[in-house]
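> sequence below, structure please.
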Amino acid sequence: MAGIVLAIDTSGSFCSVALRDAGAVIHSRHSSGEGDHFEQLPSLVQAVCAEAELSVRELAGILVGVGPGSFTGIRIGMSFAKGLAWATRIPCVGVCSFLGAAASYAAPGTCTGRITVVSDARRSELFYGVYEAVAGVVSVVTEPLIVGVAEVMERAQQGGLHLCTQRDLVVPGLELEAAPQLARGILGASQAIPASGKAEFCVGDIAGLAPCYIREVSAKTIQQRRLGLDSGMKPC
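Down below sits the predicted model:
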């Protein structure tokens, strides 16, 4: 069981978890896109671990989606992952949620070409990232950023698959396909934790693991906002 890695993502409407062993996804579950992640996440993790007949202490590591997406959702997933990693002394690594979304469709090898991933950034804007899938391998074309809806529509003319990490986001004139299994994609996209053997636990790595909010004002603490200080957060 030493090589089994757990992936978690709560950045969008869907709460998803998955396990990887020897490079292959062995168990995965995701929510319907309704309900609260903080209620669903522990149950989903418990379910996949029970299916694999292992305890969380036997995991080799944890991968967690860091966004972009819902600020509250990202915090829930990262808090859970960090807490679990700290309690069990298991290494925890952050992975871009949009990369996971793209990889979840490219992993079977059925999707080749351009994959655009979006989610609602409010203010008539979208979080937007572009990827290229070739033979099941995903590469980054455009790192996640914030783009106006009108500009996204212009860029959509370039074609390809358009994925959304939210259950019912509607962008008039743009055909979106929901991506509910980000955790499966994260496992396929990241080899940050070895497929076999246990990576080294480091408190500093967990403490330094930061969310990808992109919009800096949302990453400020209450004290920073009161004092008018810059959060120091950088786009992912």
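> in contact with the closest residue in space to Gly69 that isn't next to it in sequence, which residues?
Excluding the flanking residues, the one nearest Gly69 by C-beta to C-beta, 6 or more residues apart in numbering is Ser11, at 3.3 Å. Backbone N, C-alpha and C define where each C-beta goes, glycine included. Ser11 makes contacts with 65-70, 73-74, 77, 97, 119, 165, 182, as judged by C-beta atoms under 8 Å, 6 or more residues apart in numbering.
> could you dump those to a markdown table with pLDDT and secondary structure?
Output for the contacts of Ser11, formatted as a markdown table (pLDDT from 0 to 100; DSSP: H, G, I helix; E, B strand; the rest coil):
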| residue | pLDDT | secondary structure |
| --- | --- | --- |
| Gly65 | 97 | strand |
| Val66 | 97 | coil |
| Gly67 | 97 | coil |
| Pro68 | 97 | coil |
| Gly69 | 96 | coil |
| Ser70 | 94 | coil |
| Gly73 | 95 | helix |
| Ile74 | 96 | helix |
| Gly77 | 97 | helix |
| Ser97 | 97 | helix |
| Ser119 | 96 | strand |
| Thr165 | 96 | coil |
| Leu182 | 96 | helix |
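> quick revisit: over to the residue nearest to Gly69: give its phi and psi.
Main-chain dihedrals, Ser11, degrees, to the nearest 10: phi -80, psi -20.
> Ala87 now?
Torsion angles, degrees, to the nearest 10, at Ala87: phi -70, psi -30.
> what's around it, how many residues?
Residues lying near Ala87 (other C-beta atoms under 10 Å) number 10.
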